[in-house]
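*Asks:* Build me a model:
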Amino acid sequence: MATKILVSQPKPQTEKSPYFEVAKKYDIDLVFRPFIKIEPMSAKDFRQQKVSIPGHTAIVFTSRHAIDHFFGLCKELRVNIPDDMKYFCVSEQVSLYIQKYVQYRKRKNFFPESGHIADLIPIMVKHSNEKYFVPQSSAHNDDMKKMLDEAELDHDEAVMYYTVANDFTADEVFDYNMLVFFSPEGINSLVKNFPDFKQNKIKVACLGAKTVKAAEDAGLHVDYQPTAELRSVPAIIEAYAKTL
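*Replies:* Down below sits the predicted model:
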């Protein structure tokens, strides 16, 4: 019987993904099943936050979800985004995604090479005259606000989309040898869907310190997390497969 691993994110769109190479090499049954899902916010709910988008000169994007829901809500609210708007993004990948909605201009798009939010702040400080707007998920924490406050940058945040638990159906078999989580919300979804969950011999892998903490707070033992040697989830899965 093949080892069965649940990866709590959408299935890769390319068959050349390292996930599939590892699965084939070690005869692993990989199941891609997100524990969370993203839902749009209505214009009515957004207005209740009493935050105005016009007047801001720069937008901070931490994910492609933030981009989709920012431009979607702006369209619904009939807010016109000026051509000279600047965009500060957590990574180049997120920055390039903006061209789905507006013409991409390198002189208006900024991102750190590292892809880390902490490295974006010094770039923003170089543009300290901007008034920043940060679209957020309902599951956000205050880390971004604290960093912007400490940098003394003029900014506003607002929730523009919801991150909610993705419910499992009663007939879904939960017989995995390993679970892989990418966010604290994924851990919360596990607890919500399976309040009597017992880890027993099931291995748990988590990405990010906050995900690890959420897992441990939920009573789980975290067996794998990224290291200098295990930099990706496929690498973690392979390391586990070698122990079988």
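
*Asks:* ok, Phe168 - contacts?
*Replies:* 174, 193-194 (Cβ atoms under 8 Å, 6 or more residues apart in numbering). (C-beta placed from N, C-alpha, C; glycine too.)

*Asks:* just Asp27 next, same as before
*Replies:* Neighbouring residues of Asp27 by Cβ under 8 Å, 6+ apart: 2-3.

*Asks:* Please tell me the pLDDT value assigned to it.
*Replies:* pLDDT, Asp27: 94.

*Asks:* Asn188 and Ile67, how far apart?
*Replies:* 24 Å (Cβ to Cβ, to the nearest Å).

*Asks:* For those two, indicate the residue with more neighbours.
*Replies:* Ile67 (22 against 19; other Cβ atoms under 10 Å).

*Asks:* Show me which of the contacts of Phe168 are buried.
*Replies:* For those, a burial check counting by 16 or more other Cβ atoms under 10 Å picks out Asn193.

*Asks:* And the contacts of Phe168, which is closest to Tyr19?
*Replies:* Distance to Tyr19 across the contacts of Phe168 (Cβ to Cβ) is lowest for Phe174, with 20.2 Å.

*Asks:* Just the element for that closest one, please.
*Replies:* Under the criterion DSSP states H and E, no helix or strand holds Phe174.

*Asks:* Phi and psi next, for the residue nearest to it when sequence neighbours are not counted.
*Replies:* Nearest non-adjacent residue to Phe174, counting by Cβ to Cβ, 6 or more residues apart in numbering: Phe194, 6.9 Å away. Backbone geometry at Phe194, expressed as degrees, to the nearest 10, gives phi -130, psi 70.

*Asks:* next one: Asn177
*Replies:* Torsion angles, degrees, to the nearest 10, at Asn177: phi -90, psi -20.

*Asks:* quick revisit: out of the contacts of Phe168, flag the one nearest to Val94.
*Replies:* Relative to Val94, the closest of those is Asn193; by Cβ to Cβ it sits at 29.3 Å.

*Asks:* how far away is the residue nearest to that closest one when sequence neighbours are not counted from Gly219?
*Replies:* Nearest non-adjacent residue to Asn193, counting by Cβ to Cβ, 6+ apart: Phe168, 4.7 Å away. According to Cβ to Cβ, Phe168 and Gly219 sit 19 Å apart.

*Asks:* Which strand runs longest in the protein?
*Replies:* strand 154-165 (DSSP state E).

*Asks:* what's downstream of it, the next helix or strand?
*Replies:* Following strand 154-165 in sequence, per DSSP H and E, is strand 178-181.

*Asks:* Pull up the pairing partners for that next one, direction included.
*Replies:* Here strand 178-181 is paired, per DSSP bridges, with strand 3-7 (parallel), strand 203-206 (parallel).

*Asks:* which parts of whichever helix or strand comes after it are buried?
*Replies:* Later in the chain than strand 178-181, the nearest helix or strand by DSSP H and E is helix 184-193. Neighbour counts using 16+ other Cβ under 10 Å place 184-191, 193 of helix 184-193 among the buried residues.
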